[in-house]
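[1] Pasting the sequence and the predicted coordinates here, then a few questions.
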Amino acid sequence: MSEPRPRPRAFRLDDSQVVIEPQAEAIPADANEAPLDEAEREIEIAQQSGMLARWRPSLGALFWSGLGGLVALGLGLWFTQLVEDLFAKAQALGWIAAGLGALALAALLAIGAREIAAIARQSRIAHLHADLARARASDDGAAARVLIARLIALYERRPETAAGRAETQEAVRAIIDGRDLIDIAERALLRPLDAKAQAEIAAAAKRVSMVTAISPRAILDVLFVIAQIVFLIRRIAEIYGGRPGLFGFFKVARSVGAHIAITGGMAVGDSLLQQVVGHGIASKISARLGEGVLNGLLTARVGLSALAVCRPAPFGAQKAPGVSDVAPFLFGAGKDR
């Protein structure tokens, strides 16, 4: 028989006979949640320590800065000499050259301003990603409200996010917990964008696998895969609000390469055995088909890395997609034939 439960009794706080037993350790609020993937945790650490670290000049940066300055001076002296020679021949030619030079300079300044704005926009998204990860881990409600306001402002000019923004703003007024707020914002605002990005990844992987399977030359395969990867990275950045320019694209591509290196070349949640088996089945049917499947897998993995880098919030309420999620046709290629 079980011991009878003690009945509640009144006691004085200063009674020496009252003994307070230690309580069992409280269960953390996120104990029932699935733990973060180890690769995703490493990505967050890399983004906080690497992407957001203060820039320090390296020897390579100093070299290219000095070389760029010399080239700029040389071009300036050449243009000055050209205008002087044209003025010496005919004053009208000199004024035309000066006007064309001013037009080119204005266009160059506009391009530079656009590049700076694009890089600043990407930096804000990277900071927002790291801050949201930190606020969700600490369940900081005050920080979550500030960060969600920034996330809403990021998409305030996107008509397709109107319903998600309204749902998120309603949740901010009704919910206190920071983790719950971030999860609702992720589902409402980012789930539709995730669907678009995954559709772009699937389409690019399908194009690459089909074209490389029928392409007669290996060099054409390489050029087509590179072009599709460049287009895919830019498209995913645009979906999440990055819109990179030339130098901004290089920054995103470097971050994607770092993401692939951190995850060991595998997208989060994928199985190496599954990919090898899928490629093996296809290669038994046809060598070209096997190459197409392999190139499709490569494109899909790069796209998933771009998704993780360009996304303004880490995967928390939703599971990070894998290659088998966005491109299941690559694993069934051998069976379909």
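    Yep, it's here.

[2] Look up how far Val146 lies from the closest residue to Ser138 other than its chain neighbours.
    Spatially, and ignoring its direct neighbours in sequence, Ser138 is nearest to Gly178 (7.4 Å; Cβ to Cβ, 6 or more residues apart in numbering). To be clear about C-beta, it is placed using only N, CA and C from the backbone, and glycine gets the same treatment. Gly178 is 10 Å from Val146, where distance means Cβ to Cβ, to the nearest Å.

[3] quick one, which of the two is more surrounded?
    Legend: neighbour count by other Cβ atoms under 10 Å for Gly178 and Val146, higher for Gly178 (22 against 12).

[4] Quick one: residues contacting the more buried one.
    Counting by Cβ atoms under 8 Å, 6 or more residues apart in numbering, Gly178 touches Ala135, Arg136, Ser138, Asp139, Asp140, Gly141, Ala142, Ala143, Ala144, Arg145.

[5] Now intersect the residues you listed with the helices, please.
    If you go by DSSP state H, these have Ala135, Arg136, Ser138, Gly141, Ala142, Ala143, Ala144, Arg145 in helices.

[6] burial measure for the third one, as a count.
    Looking back up the chat, that one is Ser138. 12.

[7] which other helices and strands contact the host helix or strand of Ala107?
    Assessed by DSSP states H and E, Ala107 sits inside helix 91-138. Applying 3 or more Cβ pairs under 8 Å, 6 or more residues apart in numbering; DSSP states H and E, one finds that helix 91-138 contacts helix 59-89, helix 141-154, helix 178-185, helix 246-262.

[8] Could you check the angle the shortest one makes with helix 91-138?
    Orientation check (axes from the mean of the first three to the mean of the last three Cα atoms, to 10 degrees): helix 178-185 against helix 91-138 gives 130 degrees.

[9] on that earlier part again, out of the ones in helices among the contacts of Gly178, which are buried?
    Buried residues within the ones in helices among the contacts of Gly178, counting neighbours by 16 or more other Cβ atoms under 10 Å: Ala135, Arg136, Gly141, Ala143, Ala144, Arg145.

[10] Would you mind measuring from the closest residue to the third one other than its chain neighbours to Gly316?
    Of all residues beyond its chain neighbours, the one nearest Gly141 is Gly178 (4.1 Å), with distances taken as Cβ to Cβ, 6+ apart. Taking Cβ to Cβ as the measure, Gly178 falls 11 Å from Gly316.

[11] Which residues are in contact with each of these two?
    Between them, Gly178 and Gly316 share the contacting residues Arg136, judged by Cβ under 8 Å, 6+ apart.

[12] hmm, back to that, could you identify the least confident member of the buried ones among the ones in helices among the contacts of Gly178?
    Among those, Gly141 carries the lowest pLDDT, at 83.
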